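>>> show me the folded form of this:
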Amino acid sequence: MHLNFNLSKKIISWYDNNKRVLPWRVPYNSPRKLYYRLLSEFMLQQTQVNTVIPFFNAFYKKYKNIQSLSKTSNTRILKSWQGLGFYRRAKNLHATSKIICQKHKGKIPLNYNELIMLPGVGDYTAKAILAIAFDKPFLGIDGNIKRLVSRIFLLSSSKNILKKLKSKVESLIINKNNSELMQGLMELGALICKPNNPLCRKCPISSECLTYKRGKLNVKKKFKKIKNKNYFVIVSKKKNKYLMTYKHELGPLKEFINFPIFVKKYSIKNSIKKIKFNNLKYIKKIKIPISNQNCNLFLYSASTTNKKPIKDYMYVNKNQLEKKFQSSFMKKIMEEIK
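You can find the predicted model right below:
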């Protein structure tokens, strides 16, 4: 029996009696368990549980299993993901489903080294899948687990915290019910050992928490730094067609089609040297938040006189554009220029 066996058992017992009902939490022997775990792990990356729930429910109703997911188009996947943000996750999930179907006969790999080779699957996601879906002796470290374990063992001010944190987390691993242990650690961190107002008196392991016992809890509120960035957006229209490109300068959405967007460094003429625009006319300034930045967009109408096709740019019919995936960012611009 390892030193933290009783601590692990307490966490599992608390989890069994207090866990939330979540759509991806199905019985261990459910045939949907593996697919639901894979899908939920991708959706929960950088996104809170309550935000994910409605998207998860809608998504699995459209794509019942890994096979149906792999066979659909990238555009449909992105449309189904619309509103959840961080669209690279959707692309990675789609690519992963294809690899699982083509190389692993539709079965999620049981091997850590094979899992981390899948697009979008890193150390945490691989360990979470192995622990929760397969009950293997792994524990991934997410934000909740990091905070909880750091407080239990009073690691917040120690040197080499990451190395010590990993060691302490591994000391909690048990041979059986590791699935419930990992979910219990995450749940305890999310519901009880909160970042700002931890409910220490309700915590089932407060008697063993060094931070609580020694009165060392010093909660520091962390504020996300929101950057303000300025961009020029060019609206060039020919009949019912808009000039579009995949080579715009909006970092968070650089993989998706959009209006010509240029970082505002200098005057508009110096910022958009790549294309010769005529009749530049200021429309308005709008603000759209995206990821960790507030985008100040300076909209300009313009025309082009290029007779030959412009490299990396194309005029797209409005009806065709509606069939393509459009980010909510692009939709807001479209609404502003109607």
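>>> chain neighbours aside, what residue packs nearest to the residue most central in space within the chain?
Taking CA atoms, centre = their mean, the centroid of the chain lies closest to residue 45, which sits 3.5 Å from it. Closest residue in space to residue 45, ignoring its immediate chain neighbours: residue 89 at 5.7 Å, by CB to CB, 6 or more residues apart in numbering. (Each C-beta comes from the backbone N, C-alpha and C, glycine too.)
>>> quick one: the helices in the stretch 201-338 of the chain?
For the stretch 201-338 of the chain, applying DSSP state H, counting those that start in this stretch gives helices covering 210-213, 268-271, 318-323, 328-336.
>>> and residue 203, which of the ones you listed is closest to it?
Among the helices of the stretch 201-338 of the chain, the nearest to residue 203 by CB to CB is helix 210-213 (7.4 Å).
>>> re earlier: is it true that the residue nearest to the centre of the chain lies in a helix?
No - assigned with DSSP: H, G, I helix; E, B strand; the rest coil, residue 45 falls outside any helix and is coil.
>>> for it, give its distance to residue 150.
Distance of residue 45 to residue 150, given as CB to CB, to the nearest Å: 21 Å.
>>> cool, residue 270 as well?
From residue 270 to residue 150 the distance is 49 Å (CB to CB).
>>> count of neighbours near the residue nearest to residue 313 when sequence neighbours are not counted?
Setting aside the residues directly before and after it, residue 313 is nearest to residue 245 in space (CB to CB, 6+ apart), at 4.7 Å. When neighbours are defined as other CB atoms under 10 Å, residue 245 has 20 of them.
>>> can you check residue 174 too?
17.
>>> for it, helix, strand, or coil?
Going by three-state DSSP: residue 174 is coil.
>>> just give the nearest non-adjacent residue to it, would you?
Of all residues not flanking residue 174 in the chain, residue 8 sits nearest, at 5.2 Å (CB to CB, 6+ apart).
>>> and the one you found, helix, strand or coil?
helix.
>>> look up how far residue 189 lies from it.
15 Å.
>>> same check, this time on residue 291
24 Å.
>>> which residues does the nearest residue to residue 58 once chain neighbours are set aside contact?
Leaving out its chain neighbours, the residue that sits closest to residue 58 by CB to CB, 6+ apart is residue 80, at 7.1 Å. Applying CB atoms under 8 Å, 6 or more residues apart in numbering to residue 80 gives the contacts 58, 59, 62, 63, 90.
>>> where does residue 80 fall, phi/psi-wise?
Phi and psi for residue 80, reported as degrees, to the nearest 10, are phi -70, psi -30.
>>> okay, strands next: where are they in the chain?
Secondary structure of the chain by DSSP state E: the strands cover 227-238, 241-245, 261-263, 277-290, 293-304, 313-317.
>>> pLDDT on the longest one, on average?
By that I understand strand 277-290. Mean pLDDT, strand 277-290: 89.
>>> now swap in the second one and tell me
The average of the pLDDT scores along strand 241-245 is 89.
>>> residue 4 reaches residue 170, doesn't it?
No - contact criterion CB atoms under 8 Å: residue 4 and residue 170 do not qualify, at 9.8 Å.
>>> which one of the two has more residues nearby?
Using other CB under 10 Å, the more surrounded residue of residue 4 and residue 170 is residue 4, with 20 against 14.
>>> and the gap between that one and residue 78?
43 Å.
>>> same check on residue 227?
25 Å.
>>> ok, those two, which is more surrounded?
Higher neighbour count among residue 227 and residue 78: residue 78, with 19 against 10, using other CB under 10 Å.
>>> hang on, the earlier thing: what sits against the residue nearest to residue 174?
Applying CB under 8 Å, 6+ apart, the residues near residue 8 are 172, 173, 174, 181.
>>> how about residue 16, nearest residue that isn't a chain neighbour?
Distances taken as CB to CB, 6+ apart put residue 180 closest to residue 16, at 6.8 Å, once the chain neighbours are dropped.
>>> the one you found and residue 15 touch, don't they?
Yes - the criterion here is CB under 8 Å, and residue 180 meets it with residue 15 at 5.7 Å.
>>> check residue 202 and give its pLDDT.
Note on residue 202: pLDDT of 95.
>>> what's the answer for residue 253, then?
74.
>>> next, count neighbours for residue 228.
9.
>>> show me the contacts for it.
293, 294, 296.
>>> partner residues bridging the first one?
Pointing back at residue 293 there. Counting by DSSP bridges, residue 293 is bridged to residue 227, residue 290.
>>> isn't it up against residue 225?
No - contact criterion CB under 8 Å: residue 293 and residue 225 do not qualify, at 9.5 Å.
>>> which one's more surrounded, the two?
Legend: neighbour count by other CB under 10 Å for residue 293 and residue 225, higher for residue 293 (16 against 7).
>>> tell me the spacing between that one and residue 65.
37 Å.
>>> cool, residue 131 as well?
22 Å.
>>> looking at those two, which is more packed in?
Neighbour totals were compared for residue 131 and residue 65, and residue 131 leads with 23 against 15 (other CB under 10 Å).
>>> show me which residues of stretch 288-300 are buried.
288, 290, 293, 295, 297, 298, 299, 300 (16 or more other CB atoms under 10 Å).
>>> tell me the contacts of the last one?
This means residue 300. Contacts of residue 300 by CB under 8 Å, 6+ apart are 232, 233, 234, 235, 268, 280, 281, 282, 283.
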